[in-house]
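>>> Sequence first, then the predicted structure, then my questions.
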Amino acid sequence: MKRIAIVPVVVLKKLFLIICIISSFLYSCEKEKEDPSVTMVSAMAVTGSSGKAVARVDQTGDYPVIDHGFVYIYTNSNYSPEINFLDQANKLSLGSVMRTDTFSAILPLTTDVYPNDFKWKVWAYITNEKGTVYSSKPVIFFPKEIRLESVSPLFGEVGDTITLYGNNFETSISNIQVKFYINRESDYVLATVVSASETAIKIKVPDLSKISSFDYGSLFSIQLNMGKTGRTLYNAFVLQSFPTGFLPKQGTFNTLITISGTQMDNISAVMIGNTIVYADDRSSTSVVFSVPFSMKQKKSKIYVVKGNAQIEVPGGEFEMLPLTVSSVYPMLVRPGDLVEVTGSNFNRNYDNGNIMKIGSTQLWSSYESESSSSFYIPGNIAAGEYPIRISNGVDTVLMPDPLTVVVPSITNISSASVYPGDLLTITGHNFNDLIYIDGDPYGYDFSYSKHDSVSFEIEVPSLRPGTHTVEMRANNQFYNEILSSKVFTVLEPTLTSITPTSGAVGTSFIINGRGFGKNSFLVGVMFGNVSATVLFVTGTQITVRVPENMDSGTWTVSVTVNGLKLSDTLEFTIP
C-alpha cells in the first residue's frame with residue numbers, strides 16, 4: 001500500500017509566499033518596449049517631375065507598424081524643419097507592410113524649378129500607435145529642369161505622329177498629358193501619347209477641328225503636362241491642308257510662280273530653297289511670287305510659312321533654266337575696255353547679278369538684262385591671255401576661247417623739248433583714245449584706237465615752260481590707272497619780229513615768234529601799259545590791233561602767254 005506524505009499547513013503557507021514574491025519580482029523587471037529607427041540612404045532626381053528615394057530600417061520597434069514612407073519639401077533653407085512642419089510636407093505613404101530592411105519609392109515632384117540654391121530634402125518615416133519617427137537627417141538633391149524645346153515636324157495632318165523634343169521628360173506615358181489649343185488653354189483637345197523617353201515624346205495629332213476656334217492654317221500651341229509640371233510651345237504647329245501644288249516647274253530670275261491651295265491667305269511668307277520671298281499677290285486659293293535675283297540653287301523645293309511652321313508645297317522642285325552665253329565681244333581688250341556678253345537667263349540684279357571671271361580676277365557687271373551683261377576690264381590687269389567664266393549666281397559657263405589683254409605703252413616721243421603749238425609724235429603699242437597731259441585729258445575731240453605698233457601726232461597745248469608728262473591711261477572712269485608715260489620739256493615762247501613795225505591807231509600788225517599756242521584767250525599783248533586787242537593766234541603768229549587813243553611815238557610791245565610774261569619785247573611806232 002502506497003503511503004502519502006502529508007505537508008504541514010505552515011509549510012504550504014511559506015511556499016505560497018515565496019512564489020508570490022518571485023512572481024512580483026519578475027513582473028517588475030519585464031523589458032521596456034523599443035521604438036522604430038530609420039535612416040535615409042539616398043535620394044536623386046530621375047526625371048524633371050520625379051525622384052527616387054531609398055531608406056534603411058535600423059529597427060522596426062516592438063509596436064506594430066501602421067505606416068511608413070517618405071516626406072519631402074522643396075526649399076532653399078539650410079536647417080531641418082520641425083516635426084510638425086514635416087507633417088505638412090509632401091508625403092508618400094507605402095503602407096503598413098515593410099517586407100525588407102530597406103524600402104524605396106518614386107517621388108512625384110512639383111512643377112517649377114527655382115534658380116540658385118533651391119533643392120529637395122527627403123526624410124524617411126515610420127508610424128506606429130505611439131506616433132511617427134523620422135530619419136534624423138534628410139538626403140538633399142537638386143531637381144532636373146524639364147525643358148520642352150521643339151516639335152518636329154512643325155506641320156502635319158490629323159493622325160500623323162510628331163515628336164516633342166527636350167530634356168528630363170517622364171518615361172511612363174501614363175504620367176504624360178499633351179494638349180493642343182489655339183487661343184485659350186481651356187479650349188483644347190488631348191493627343192494620344194505613343195512613346196516617351198527622357199528627351200523625346202511621340203504623339204498622334206488629334207482631331208483639331210473639335211477646338212471651337214479651329215481654322216485651317218491656325219497656329220496651335222502644344223502644352224505638355226507631367227504630374228504637376230507643365231510646359232508649353234506657343235504657336236508651334238500648323239494643321240497641314242492648304243498647299244496643293246505650284247506652276248511653272250522651270251524658269252529664271254523674276255519668273256512668276258503660282259502656288260495653289262486653300263486658306264492660302266493665312267500664310268506669312270514663301271520660301272524657295274533657303275530663301276524667304278514675299279508674295280506679289282495672294283488670295284484664299286493662290287499665292288504668286290517671283291524668283292528672287294539672289295537665287296543660288298539650281299533646284300529648290302518650295303515652302304509656305306505660317307508662324308514657325310515650314311510646309312513643303314507638293315510638286316517636286318523648281319528648276320532654274322541654264323545660263324547660255326552666245327558671245328563675248330571684244331575678245332582683244334585693253335585695261336578699262338568694256339566687254340559685252342550676250343546670251344540668255346542672265347541675272348538682272350545689279351547687287352547680286354552676273355560675274356565674269358578672267359583668270360583669278362572677278363568682275364561685277366556694270367549693266368544687266370536678261371540677254372546681256374557688260375563688264376569693265378580692270379585698269380591694273382597685266383597683259384596676257386585669260387580663261388573666261390561667266391556666272392549668273394546659279395550656273396557658270398566656261399568660254400572655249402581665252403580673252404586677250406594688251407596694255408598700251410609709249411615707247412618714244414619725237415622731241416624732248418617743244419614749244420606750245422608744236423606737233424609731238426608719239427610712238428608705241430596698243431594705244432587707246434585716252435591721252436593725258438599732266439593728268440588732264442588732252443582733248444575730247446581726240447580719238448585714236450589701234451592695237452599694233454603705231455605713231456601719231458598731237459599738238460602741244462599752251463603749257464607753261466617746264467617738265468610735263470604725256471600718259472596713256474585705262475579706258476574708263478572707274479579704272480583711271482596710268483599705263484605708260486613719257487616726259488618732255490616745254491620751252492618758253494620767243495618773240496622774233498613785228499610786221500609791220502609801224503602803223504596808225506586801229507591798224508593790225510603781226511607779232512612773229514614761236515610757242516604761242518592756238519588759244520587767243522591765253523595770249524595778251526601790251527603797248528606799254530595799255531592792253532591791245534588780240535585778233536588771232538597760231539603757234540608762230542599773234543595778230544593784234546593797235547589800241548585806240550595811243551599817242552604818237554615808239555612803244556614797247558610785251559606778250560603774255562598762259563599767264564607767263566615773256567622776257568622778250570619788241571617795239572612798234574605810231575606816226
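That came through fine.
>>> What's the first helix or strand after the worst-scoring helix or strand of the chain on mean pLDDT?
The weakest-scoring helix or strand in the chain, judged by mean pLDDT, DSSP states H and E, is helix 9-28 (a mean of 52). With elements assigned by DSSP states H and E, the helix or strand that comes after helix 9-28 is strand 37-47.
>>> and that next one, C-alpha only, in PDB?
Provided in PDB are the C-alpha atoms of strand 37-47 (Å, rounded to 0.1, in the frame of the first residue of the first chain):
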ATOM      1  CA  SER A  37      14.500  53.700 -36.200                       C
ATOM      2  CA  VAL A  38      15.000  54.600 -39.800                       C
ATOM      3  CA  THR A  39      17.900  56.200 -41.900                       C
ATOM      4  CA  MET A  40      17.900  57.800 -45.300                       C
ATOM      5  CA  VAL A  41      20.300  56.100 -47.700                       C
ATOM      6  CA  SER A  42      19.900  58.100 -50.900                       C
ATOM      7  CA  ALA A  43      17.700  60.300 -53.000                       C
ATOM      8  CA  MET A  44      18.100  61.600 -56.500                       C
ATOM      9  CA  ALA A  45      16.300  63.200 -59.400                       C
ATOM     10  CA  VAL A  46      15.100  60.700 -62.000                       C
ATOM     11  CA  THR A  47      13.300  63.000 -64.400                       C
END
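>>> Parallel or antiparallel, which strands does that strand pair with?
Next to strand 37-47 in the sheet, as set by DSSP bridges, lie strand 50-59 (antiparallel).
>>> so the residue nearest to Gln362 when sequence neighbours are not counted bridges to which residues?
Sequence neighbours aside, Ile355 is the residue nearest to Gln362 in space, at 5.9 Å (criterion: CB to CB, 6 or more residues apart in numbering). Bear in mind the C-beta positions are built from the backbone N, C-alpha and C, glycine included. Beta-bridge partners for Ile355, by DSSP bridges, are Trp364, Ser391.
>>> List the contacts of Ile355.
362-365, 390-393 (CB atoms under 8 Å, 6 or more residues apart in numbering).
>>> cool, Thr100 as well?
With CB under 8 Å, 6+ apart, Thr100 has these contacts: Val57.
>>> Would you mind giving the secondary structure of it?
Following DSSP: H, G, I helix; E, B strand; the rest coil, we place Thr100 in the coil state.
>>> hang on, isn't Phe118 packed against Leu109?
No. Phe118 sits out of contact with Leu109 when judged by CB atoms under 8 Å, with a separation of 11.8 Å.
>>> Now the common contact residues for these two.
Joint contacts of Phe118 and Leu109 (CB under 8 Å, 6+ apart) are 74, 143.
>>> Which of the two has more residues huddled nearby?
Leu109 (24 against 14; other CB atoms under 10 Å).
>>> hang on, isn't that one packed against Gly51?
Yes. In this structure, Leu109 is within contact of Gly51 by CB under 8 Å, at 5.8 Å.
>>> Let me know the distance separating the residue nearest to Gln362 from Val193.
54 Å (CB to CB, to the nearest Å).
>>> Run through this protein and note the low-pLDDT ranges.
Across the chain, the ranges flagged by pLDDT under 70 are 1-31, 78-87, 111-117, 216-217, 240-242, 307-308, 350-352, 443-451, 477-479.
>>> Tell me where it has helices.
9-28, 83-86 (DSSP state H).
>>> rewinding a little: looking at the contacts of Ile355, spot the one nearest Ile176.
Nearest to Ile176 among the contacts of Ile355, counting by CB to CB, is Gly393 at 48.8 Å.
>>> Surely Val122 touches Tyr134?
No. Val122 is beyond contact range of Tyr134, at 10.6 Å (criterion: CB under 8 Å).
>>> Need the overlap of contacts for those two.
Val71.
>>> higher neighbour count, these two?
Just comparing Val122 and Tyr134: by other CB under 10 Å the higher neighbour count belongs to Val122, 27 against 20.
>>> Just grab the bridge partners of that one for me.
Beta-bridge partners, per DSSP bridges, of Val122: Tyr72, Val139.
>>> now swap in Thr533 and tell me
Applying DSSP bridges, one finds that Thr533 bridges with Arg545.
>>> gap between it and Ile498?
16 Å.
>>> Name the residue in those two with the higher neighbour count.
Just comparing Thr533 and Ile498: by other CB under 10 Å the higher neighbour count belongs to Ile498, 20 against 14.
>>> check contacts around Met226.
Contacts for Met226 (CB under 8 Å, 6+ apart) come out as 47-49, 146, 169-170, 175-177.
>>> could you redo the last one with a cut-off of 7 Å?
Residues near Met226 by CB atoms under 7 Å, 6 or more residues apart in numbering: 49, 146, 169-170, 175-176.
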